[in-house]
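Asker: Predicted model follows, preceded by the sequence.
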Amino acid sequence: MKRRNFIQTGVIASAAAVTACTTTEDKKVSGGISNPNSVANLPISIATWAPNTGAVDAAMTKITDGKTALDAVEAGARVPEADPNDTSVGYGGFPDRDGNVTLDACIMDHTMNCGSVTYLQNIKHPISVARKVMENTPHVMLSGKGALEFAVSEGFQQEEMLTEKAKKAWKAWKVESKYKPIINVELHDTIGIMAIDKDNKIAGACTTSGAAFKMHGRVGDSPIIGAGMYVDDEVGGAVATGLGELVMKTCGSFLIVELMRQGMTPQEACEAGVKRIADKLGDYAEYQVGFLAINKKGEHGAFAIQKGFNYAINQNGETKTYDSGSLIS
């Protein structure tokens, strides 16, 4: 079987599997309602977490200037990557338990082209390296030393990512060396960003420094296409935030897009996805996962396990932030 046919067969089978796993209970989660803050209007840029207003504004500036949605999400993701006060993305991100800042990112365009880097060190903008992987290699994902060598070969400069603020936090953590994910830490634990441009083309990106004080070598959902981020130009897109291991186990963002393909609104899909995770966990009171989704009309939805998840949106000439709904209020 030719590779292309094999991939197409796999995609069809995956979609069928998602359909089979979608219960009647899932479909009734929000009773057919949409997000009260959602409107159908294009172009749009939207990102997880309210502090990312600068990111959605940077993305929309690209779109206004006639650039593509892919250009927009890359520009948006680069904003928190360069912010030393953002301790969960790029420069200034908290290190792993051994004091290493390791970065993960992925990017995807409207044609299903995508690129990803994991466990990348000493490069400020992993999202731009991920785009280079997409455009200049036959692969989707590069990791570790290989990703760094590729970045340097593409002209990226190496620099120290561990700021004094992050180093101080790491040394304080080492006193007890107890790892436990903190829900909604600083109201920001990564950035997932999506955009639809003037030509109605969609793109998405996700970038993070991962869980603070994680095991050396740990990679979460953020750089994984279909987990931390997924877009489909026929349907829309979704991004995830929260405990990455839970998102990886459920192919979270792909699930949300497939639920929208079946007819759910973005809000319904996000709620169904969160509920799917909660049902599997059973005892979900100590965990957080949130989803943010858009369809090709520019309508959006957002939902999380815990109260506290919020997002930023630039649409119709305005930048706004909203709190999402949640299972636990």
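Answerer: Alright, I've got the coordinates.

Asker: can we go C-alpha only for contacts and neighbour counts from here?
Answerer: Fine.

Asker: Show residues contacting the host helix or strand of Ala75.
Answerer: Using DSSP states H and E, Ala75 maps to helix 69-81. Residues outside helix 69-81 that contact it (CA atoms under 8 Å, 6 or more residues apart in numbering): 45, 52, 54-63, 86, 89-91, 107-109, 124-125, 127-128, 191-197, 201-208.

Asker: In this protein, what helix or strand scores lowest on average pLDDT?
Answerer: helix 24-27 (a mean of 35; mean pLDDT, DSSP states H and E).

Asker: State the pLDDT value of Tyr179.
Answerer: Per-residue pLDDT puts Tyr179 at 66.

Asker: got it, and Glu176?
Answerer: At Glu176, the pLDDT value in this model is 82.

Asker: for Gly93, same thing?
Answerer: 93.

Asker: I'd like to know how far it sits from Gly115.
Answerer: 21 Å (CA to CA, to the nearest Å).

Asker: can you check Ala75 too?
Answerer: Counting by CA to CA, the gap between Ala75 and Gly115 amounts to 15 Å.

Asker: the more surrounded of these two?
Answerer: Counted by other CA atoms under 10 Å, Ala75 and Gly115 do not tie: Gly115 has more neighbours, with 30 against 22.

Asker: Quick check: Ala205 is in a strand.
Answerer: Yes - with DSSP: H, G, I helix; E, B strand; the rest coil as the criterion, Ala205 is part of a strand.

Asker: What's opposite it in the beta bridge?
Answerer: Ile107, Ile193 (DSSP bridges).

Asker: ranges for the strands of the chain?
Answerer: Taking DSSP state E as the criterion, the chain contains strands spanning 44-48, 103-108, 114-120, 141-143, 191-196, 202-208, 229-232, 236-242, 289-295, 300-306, 310-315, 318-323, 325-328.

Asker: The second one: how far from the chain's middle?
Answerer: When C-alpha coordinates are averaged (CA atoms, centre = their mean, to the nearest Å), strand 103-108 and its chain have centres 8 Å apart.

Asker: what sits against Ile33?
Answerer: By CA under 8 Å, 6+ apart, the contact set of Ile33 is 265, 267-268.

Asker: and which of these is nearest to Val152?
Answerer: Ranked by distance to Val152 (CA to CA), the contacts of Ile33 are led by Gln267 at 41.2 Å.

Asker: residue contacts, that closest one?
Answerer: The contact partners of Gln267, taken as CA under 8 Å, 6+ apart, are 30, 33-35, 293, 300-303.

Asker: rerun that using 7 Å as the cut-off
Answerer: Gln267 makes contact with 34-35, 300-302, according to CA atoms under 7 Å, 6 or more residues apart in numbering.

Asker: could you redo those as a markdown table and give each row neighbour count, pLDDT and distance to Arg276?
Answerer: Putting the contacts of Gln267 into a markdown table (neighbours: other CA atoms under 10 Å; pLDDT from 0 to 100; distance: CA to CA, whole Å) gives the following:
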| residue | neighbour count | pLDDT | distance to Arg276 |
| --- | --- | --- | --- |
| Ser34 | 19 | 88 | 19 |
| Asn35 | 18 | 95 | 19 |
| His300 | 27 | 98 | 19 |
| Gly301 | 24 | 98 | 16 |
| Ala302 | 31 | 98 | 15 |
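
Asker: and these, which two are the farthest apart?
Answerer: Spanning the widest gap among those are Ser34 and Ala302, at 9.9 Å by CA to CA.

Asker: Now for the closest residue to Pro95 other than its chain neighbours: which residues touch it?
Answerer: The shortest distance from Pro95 to any non-neighbouring residue, by CA to CA, 6 or more residues apart in numbering, is to Val101 (4.2 Å). For Val101, the contacting residues are 93-95, 121, 161-162, 209, by CA under 7 Å, 6+ apart.

Asker: which among those gets closest to Ala40?
Answerer: Nearest to Ala40, judged by CA to CA, of the contacts of Val101 is Ser209 at 33.0 Å.
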